[in-house]
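Undergrad: Can you look at this prediction? I've put the sequence above it.
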Amino acid sequence: MSKVIRSYDERERESNEEERADEREDETVCPECGGNLVSDEEHGETVCAECGLVVEEDSVDRGPEWRAFDSQEKDRKSRVGAPTTKMMHDEGLSSNIGWQNRDAYGNSLSSRQREKMQRLRKWDERFRTRNAKERNLKQALGEIERMASALGLPKNVRETASVIYRRALDEDLLPGRSIEGVATASLYAAARQVGVPRSLDEVATVSRIDAMEFKRTYRYIVRELGLEIQPADPQSYLKRFESELELSPATQRRAHDLLKTAQEAGITSGKSPVGLAAAAIYGAGLVENERVTQDEVAEVTDVSTVTIRNRYQELLAAADETEVLPTNVSVDGSDEAAA
């Protein structure tokens, strides 16, 4: 008997699910021609994209009651705060007293009111960092923001770096190490994870610690947190270097082809990705007859000319073996036709 009741309940449930699926399908299909329905939020209507039938009108407008014609007007009229972010020690949930000494109507405050607002700002700043952990976070996240701005890193890298630093702080990895060191290591690891890496020398240049401490702290953070960081891809450096050197599209394509051929041949393992990217740019300039000197490439990529000379010949040799080079270009980069 229980089996009969259970099977009846199952059939009833399946029937109800089919009815709900049919109702959802009817909501997105025109009852006249079977076309797709689209929402016209400006007029508050649901219309058919095929025949123009108005299926529903006077729908609820869930947007703001005001209109804005530029970003400044939108920010001024908006009555909600900024979204939460890991780039602030309080995740953006605390109060913020503006520095402008003006009231809501834009009028200047009196001297007595200015003194009062200054005291409020001071105490607000003190209450935002209530303990040592929050003060640590505030200093470290400010350091990450400063270095990321100097390196031109996007927002997602800064968010990832902030999360890595918070993990290191929660797992008590900071004793014996400087805040600047862990912040620098977190930013470098985040850039590698997101896919917009910067070289060790570039990060060390904008950091307030020496290169040895930076490398030692980075290895420690990666090991203790178990971060999965793939080896840097030389092609991830190319676009930035090509943009700074203003190379032609043909040379850019050739540089990517040289690196791809070298990776398939297995000659990039164990070599500096920045050096390989610099050598690919110089080699591509030789192949495409575009004037780009080793000194110019070395200045942009911060790689020595000796490294460029050694690596570009290896890249051209690998490309020559796969027969992807023009016939008038030899392995050593000389132009046989011109000779």
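TA: Yep, it's here.
Undergrad: Only C-alpha atoms from now on, for both contacts and neighbour counts.
TA: Will do.
Undergrad: Tell me who's in contact with residue 274.
TA: Neighbour list for residue 274: 199, 234, 237, 301, 303 [criterion: C-alpha atoms under 8 Å, 6 or more residues apart in numbering].
Undergrad: Residue 312 too?
TA: Residue 312 neighbours (C-alpha under 8 Å, 6+ apart): 276, 279, 280, 282, 283.
Undergrad: Check which helix or strand the spatially most central residue of the chain maps to.
TA: For the chain, the residue nearest the mean C-alpha position is residue 156 (3.6 Å; C-alpha atoms, centre = their mean). Taking DSSP states H and E as the criterion, residue 156 maps to helix 155-170.
Undergrad: now the helix or strand just after that helix and helix 155-170, what's the angle there?
TA: Counting by DSSP H and E, the element after helix 155-170 in chain order, helix or strand, is helix 179-194. Angle, helix 179-194 to helix 155-170, by axes from the mean of the first three to the mean of the last three C-alpha atoms, to 10 degrees: 130 degrees.
Undergrad: tell me which residues in helix 179-194 are buried?
TA: By neighbour count on 16 or more other C-alpha atoms under 10 Å, the buried set for helix 179-194 is 179-193.
Undergrad: Ok, stretch 270-278 next?
TA: Buried residues in stretch 270-278, counted by 16+ other C-alpha under 10 Å: 272, 273, 274, 275, 276, 277, 278.
Undergrad: residue contacts, the residue nearest to the centre of the chain?
TA: Counting by C-alpha under 8 Å, 6+ apart, residue 156 makes contact with residue 194.
Undergrad: Can you classify the nearest residue to residue 138 once chain neighbours are set aside by secondary structure?
TA: What sits nearest to residue 138 in space, not counting adjacent residues and going by C-alpha to C-alpha, 6 or more residues apart in numbering, is residue 89, at 5.2 Å. At residue 89 the chain is in coil, as set by DSSP: H, G, I helix; E, B strand; the rest coil.
Undergrad: so where do the strands sit in this structure?
TA: Assigned by DSSP state E, the strands in the chain fall at 37-40, 45-48, 54-56.
Undergrad: Tell me which of these lies nearest to residue 229.
TA: With C-alpha to C-alpha, the closest approach to residue 229 among those belongs to strand 37-40: 43.9 Å.
Undergrad: Give me the distance between the closest one and the centre of its chain.
TA: Strand 37-40 sits 33 Å away from the centroid of its parent chain (C-alpha atoms, centre = their mean, to the nearest Å).
Undergrad: quick one: pLDDT of residue 193?
TA: We have a pLDDT of 90 for residue 193.
Undergrad: Run through the residues that contact it.
TA: When contacts are counted by C-alpha under 8 Å, 6+ apart, residue 193 is found next to 228, 229, 230.
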